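Engineer: The following comprises the amino acid sequence and a computationally predicted model.
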Amino acid sequence: MVFAFSLVLSLNLKGIPQVQNRVNGAPTVKVERIRAGGIDLVLVRGKLSELKPVVIWAQGQVGKVESIAGMAVRGRAQAAINGGYFDAYSNDGIADPYHTIFQDGHIESLGSVGSVLGFGADGKALAERGNPKITGQVGSQSFYLYRANHTPGANVAARFGPEWGARVGFSGAFARVGADGTVIDTGNGDPAIPVGGSVYFFRGSDASSVRRFAPGARVTVKLNYTNVRDQDFWAAAETVIGCGPLLVRGGTVALDAAGEGFTSSRVTGGGARSAIGVNATGEVLLVCGSGTFTQMANAMKALGCNEAIGLDGGASSGLWASGTTLRREGRQISHVVALVPR
């Protein structure tokens, strides 16, 4: 039986270093072995006042795969944990991510299942169930997108950015937008992605949308969140990490895995599992363990998290900190959530 009020016990297990780095004399990350929610966990703690959560893509590109350690070292991270679910069994060699990622002012992946955890520049963090919708404005006309940096189907309205690569790699109707947010040109084919800019890409029933993109017109894009507690926070969030299910919201266990689309027995069982959360003292926690969604939700609450979501599990679950692999993943993955110095 699992109790939400499980005691949190520190276990200094043999062979697991207790790591605490310092930058300018201030602690940045701390590694612990913990028992909470009835399961054994390894976790990394860091202060949001010192560390910024970011997503690092495998090989610097959406759709590739790499080891957690490789991404962490390349990104000069203090710590890193596996990110959300992705197409680990791709037939075309593209490991498409399945969840929302927003950072540096750009939507880099857009999810349709799961939850989101947002981080503000002031250290505030909130988790909500669901994913945003994208609407845009080009000149006086509006448009919408429902994909970002994802292998296009027969019908698609998508954004591709430099994080996807040098070219889209697929043919369709396109509008290239420069780093200044204005339309460079339009056409049909496989376009190059402008440095610092984007390609708005349309196919099939959505192909006519490209007619709205007149060269020289200004393009703006907005993420629209519904049923959230603080619209101003989400409008200004510097990093948004999607996966799920939602584990803790407002200090209360808020689990509804099936309602968020997590129904496959491959992800709902009691195997390896990862999570990320934030506590009331402004610490971000990267957590790995083995158990059910319910056990992990109870564990994150017991650890003092006010907000927490689940991440990918199984062979993808892994954790790295300060040059040490604390839990080795069983396969290369598409991205990590990393903590980098502010």
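Structural biologist: Ah, there it is. Small disclaimer: the values here were computed from a predicted structure and weren't measured.

Engineer: burial count for F174?
Structural biologist: 27 (other C-beta atoms under 10 Å). In short, each C-beta sits where N, CA and C put it, glycine included.

Engineer: ok, and the closest non-adjacent residue to it?
Structural biologist: P191 (4.6 Å; C-beta to C-beta, 6 or more residues apart in numbering).

Engineer: Could you report the pLDDT at the one you found?
Structural biologist: In this model, P191 is scored at 98, pLDDT.

Engineer: now S265
Structural biologist: 81.

Engineer: which residues touch the residue nearest to F174?
Structural biologist: Contacts for P191 (C-beta atoms under 8 Å, 6 or more residues apart in numbering) come out as R167, V168, F174, R176, V199, F201.

Engineer: how about a cut-off of 10 Å?
Structural biologist: 160, 167-176, 184-185, 199-201 (C-beta atoms under 10 Å, 6 or more residues apart in numbering).

Engineer: Closest one of the residues you listed to A302?
Structural biologist: Within the contacts of P191, proximity to A302 (C-beta to C-beta) peaks at F160, which comes in at 41.8 Å.

Engineer: about what we covered before: just the buried members of the contacts of P191?
Structural biologist: F160, V168, F170, G172, A173, F174, A175, R176, I184, V199, Y200, F201 (16 or more other C-beta atoms under 10 Å).

Engineer: I'd assumed F160 was in contact with the second one.
Structural biologist: Same thing as V168. Yes: counting by C-beta atoms under 10 Å, V168 touches F160, with 5.0 Å between them.

Engineer: what touches both of these two?
Structural biologist: Residues touching both V168 and F160 by C-beta under 10 Å, 6+ apart: N149, P152, F174, R176, P191, I193, V199, F201.

Engineer: Domains in the chain, by residue range?
Structural biologist: Residue ranges for the domains of the chain, per automatic domain parsing: 9-130+237-341, 133-221.

Engineer: what's the most buried one of these?
Structural biologist: Stretch with highest mean neighbour count among the domains of the chain: domain 9-130+237-341 (a mean of 20; mean count of other C-beta atoms under 10 Å).

Engineer: Helices of this structure, residue ranges please.
Structural biologist: Secondary structure of the chain by DSSP state H: the helices cover 68-74, 231-236, 265-268, 293-302.
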